[in-house]
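**Student:** Got a predicted structure plus its sequence, pasted below:
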Amino acid sequence: MSVRELELPLEVEWPAERVTVLPQALAQLHHWAQVTPLHNALRHKHDGQWYAWRWIDALRDVERLADGLRQQGFTAASRLALSGAFEPNLLLLALAAQSIGGQILTLADDLAPAALQQQVWRIRPTHVYVHGLPPMATVQRVGPVDLSQRLCRWWQPSGKTELWSEESTHWQGGLAAVLAQWLNSGQSLGFPQSG
């Protein structure tokens, strides 16, 4: 048996940041999934089609993503780095990591690939989800279910407003702000075209 000292990650500073999601985020997600399970929670335009997640779908995807992360060795001592546009995959993955108790970090997505790799090395996450850079993405096959299951399943009660986000991880404090607004309000959150 050999024992070696682990190198600790350097202190997190911008263009990386530690995300402290609302302590009640998961309880709020459970609340909306119970109170309004069939109401629209998330909408995303991808390849010219609109896809929708009901509150119950969002909760189930978070649970499924958490199982996928656990299968990849993610624990309460793990660190998940996220980089990319805010969209359902990224938000649900952050909530899944939080449900396990792991640390969530974001990296500005407007960095050049070499600078992004340097930041990943610097903060030493155990798992990485970087939209658009598959070689660095160490979170594999834990994305939400096939989008065809979410195609056009979109219902919104009349008179209800919707939140909209066109931001990404380049916005310091953005992920926590978007999650807080979405989960505190119980409103549907929409995202623009991607892919």
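**Tutor:** Received the coordinates, thanks. Residues are numbered from 1 along each chain as shown.

**Student:** Helices of this structure, start to end?
**Tutor:** Along the chain, counting by DSSP state H, helices occupy 25-35, 55-71, 88-100, 113-123, 174-185.

**Student:** Are there helices or strands packed against the third one, and which ones?
**Tutor:** When you say that, I think you mean helix 88-100. helix 25-35, strand 40-46, helix 55-71, strand 79-83, strand 103-107, strand 127-130, helix 174-185 (3 or more C-beta pairs under 8 Å, 6 or more residues apart in numbering; DSSP states H and E). C-betas here are computed from N, CA, C, even on glycine.

**Student:** got it, and the last one?
**Tutor:** Packed against helix 174-185 by the contact rule (3+ C-beta pairs under 8 Å, 6+ apart) you find helix 25-35, helix 88-100, strand 103-107, strand 162-164.

**Student:** so which of these gets nearest residue 174?
**Tutor:** strand 103-107 (7.7 Å; C-beta to C-beta).

**Student:** possible to save the helices and strands packed on helix 88-100 as CSV with distance to residue 113?
**Tutor:** Listed next are those as CSV, based on distance: least, C-beta to C-beta, whole Å:
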stretch, distance to residue 113
helix 25-35, 31
strand 40-46, 23
helix 55-71, 25
strand 79-83, 11
strand 103-107, 12
strand 127-130, 9
helix 174-185, 21
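
**Student:** Which among these is found nearest to residue 16?
**Tutor:** Using C-beta to C-beta, the helices and strands packed on helix 88-100 put strand 103-107 closest to residue 16, at 5.1 Å.

**Student:** residues in contact with that closest one?
**Tutor:** In this structure, residues lying in contact with strand 103-107 by C-beta atoms under 8 Å, 6 or more residues apart in numbering are 12, 15-19, 21, 78-83, 94, 97-98, 116, 119-120, 123, 125, 130, 169, 174-175.

**Student:** Describe which strands that strand pairs with in its sheet and in which direction.
**Tutor:** Partners of strand 103-107 in the sheet, by DSSP bridges, are strand 16-19 (antiparallel), strand 79-83 (parallel).

**Student:** Helix 88-100 and that one, what's the angle between them?
**Tutor:** Here the directions of strand 103-107 and helix 88-100 differ by 150 degrees (axes from the mean of the first three to the mean of the last three C-alpha atoms, to 10 degrees).

**Student:** May I have strand 103-107 as CSV, with CA atoms only?
**Tutor:** Output of strand 103-107 as CSV, limited to C-alpha atoms (Å, rounded to 0.1, in the frame of the first residue of the first chain):
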residue,chain,number,x,y,z
GLN,A,103,-19.0,21.5,-4.7
ILE,A,104,-20.1,23.4,-7.9
LEU,A,105,-17.7,25.7,-9.7
THR,A,106,-18.2,27.7,-12.9
LEU,A,107,-15.6,28.8,-15.4
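
**Student:** Pull the distance from that strand to the chain's centre.
**Tutor:** On the basis of C-alpha atoms, centre = their mean, to the nearest Å, strand 103-107 sits 10 Å off its chain's mean C-alpha point.

**Student:** again, but for stretch 86-105
**Tutor:** 4 Å.
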